[in-house]
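**Q** Need a 3D model of the sequence below.
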Amino acid sequence: QVQLVESGGGLVQAGGSLRLSCVASGRTLSSNGMGWFRQAPGKEREFVASISMSGGTIGESDSVKGRFTISRDNAKNTVYLQMNSLKPEDTAVYYCAAGRNPYRRDVYYDYWGQGTQVTVSS
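**A** Predicted coordinates:
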């Protein structure tokens, strides 16, 4: 079993930055692909970014490419999402997830965190 806990969300003005963290416990994350997803009110959960076990393979959605950066520190069992140039449309609950590979589809992930709220004001 893997428990995931996200942190770092909050309220920020458009153009600002936040860094989300996802800390794993119960088992090392080094053998997992990791992903970040988000869900805005009234919308389906959508893929944001993913990273392979080694960090060598990264996927990003077109909506965040060039603004968000996913990274991981396996020694700390932590995955990060650095979010720059935030826009009001980035407002959502952000979730991290662990799976065998860095998938883009949420159905392939085995473990999920509880989510952290990100609100971007205009």
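**Q** so how far is stretch 53-62 off the chain centroid?
**A** 11 Å (Cα atoms, centre = their mean, to the nearest Å).
**Q** gap between the two ends of it?
**A** 22 Å (Cα to Cα, to the nearest Å).
**Q** Which positions in that stretch come out as buried?
**A** In terms of neighbour count (16 or more other Cβ atoms under 10 Å), stretch 53-62 has its buried residues at 53, 59-61. To be clear about C-beta, it is placed using only N, CA and C from the backbone, and glycine gets the same treatment.
**Q** Stretch 39-52 now?
**A** Applying 16+ other Cβ under 10 Å to stretch 39-52 flags 45, 47-51 as buried.
**Q** same check, this time on stretch 113-122
**A** 113, 115-116, 118, 120.
**Q** same deal with stretch 97-112?
**A** So, applying 16+ other Cβ under 10 Å, buried residues of stretch 97-112: 97-99, 102-103, 106, 109, 111-112.
**Q** Same check on stretch 85-94?
**A** For stretch 85-94, by 16+ other Cβ under 10 Å, it's 86, 90-94.
**Q** Which residues are in contact with Asp110?
**A** Contact criterion Cβ atoms under 8 Å, 6 or more residues apart in numbering gives 2, 97-100 as the residues in contact with Asp110.
**Q** and which of these is nearest Gln13?
**A** Closest approach to Gln13 among the contacts of Asp110 (Cβ to Cβ): Ala97, at 28.1 Å.
**Q** Please tell me I have it right and the closest one contacts Arg104.
**A** No. Look at Ala97 against Arg104 with Cβ atoms under 8 Å: they stay out of range, at 11.2 Å.
**Q** so where is the protein shaky, pLDDT-wise?
**A** In the predicted model of the chain, residues 30 satisfy pLDDT under 70.
**Q** For the protein, which segments count as strands?
**A** 3-7, 10-13, 18-25, 33-39, 46-51, 58-60, 68-73, 78-83, 92-99, 111-112, 116-121 (DSSP state E).
**Q** Using CSV, write out the CA atom coordinates for the third one.
**A** The C-alpha trace of strand 18-25 is given here as CSV (Å, rounded to 0.1, in the frame of the first residue of the first chain):
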residue,chain,number,x,y,z
LEU,A,18,3.0,27.7,-6.4
ARG,A,19,4.9,24.4,-5.8
LEU,A,20,2.9,21.4,-4.9
SER,A,21,4.5,18.4,-3.1
CYS,A,22,3.3,14.8,-2.9
VAL,A,23,4.9,12.7,-0.2
ALA,A,24,4.5,9.0,-0.2
SER,A,25,4.5,6.7,2.8
